[in-house]
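Undergrad: test case, fold it:
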Amino acid sequence: MVAIRLRRGGAKKKPFYRIVAVDSRRKRDGKVLDILGYYDPKSEEAIIKIDIEKYNAWISKGAKASEAVKSLVKKVG
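TA: Numbering: from 1, shown residues only. Here you go, the predicted model:
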């Protein structure tokens, strides 16, 4: 099953997340199928960038989004 979830990057205490489509059996930071966007919570104003067309395409193929990704998509609109 394909999952849409956050992949952590950045330095210690300075997280940066990519929103990715990945096989649900892979590790959190393992190989990804597609990069859908990013989320930077530590900037002055949290930056959320999501390619909604790619997101909807993966959802229509049966991918399941994590709760964190669902809340970020709601914030974007």
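Undergrad: can you tell me the helix or strand for the closest residue in space to residue 68 that isn't next to it in sequence?
TA: With sequence-adjacent residues excluded and distances taken as CB to CB, 6 or more residues apart in numbering, residue 68 is closest to residue 6, at 5.6 Å. For the C-beta atoms, the positions are set from N, CA and C on the backbone; glycine is no exception. Residue 6 belongs to strand 2-11 when assigned by DSSP states H and E.
Undergrad: what's that strand packed up against?
TA: Contacts defined by 3 or more CB pairs under 8 Å, 6 or more residues apart in numbering; DSSP states H and E place strand 2-11 against strand 14-23, helix 52-60, strand 64-65, helix 67-76.
Undergrad: how distant is that strand from the center of its chain?
TA: 6 Å (CA atoms, centre = their mean, to the nearest Å).
Undergrad: of the helices and strands packed on strand 2-11, flag the one that's most buried.
TA: Among these, strand 14-23 has the highest mean neighbour count (mean count of other CB atoms under 10 Å), at a mean of 18.
Undergrad: that strand pairs with which strands?
TA: Note on strand 14-23: by DSSP bridges, its sheet partners are strand 2-11 (antiparallel), strand 34-40 (antiparallel).
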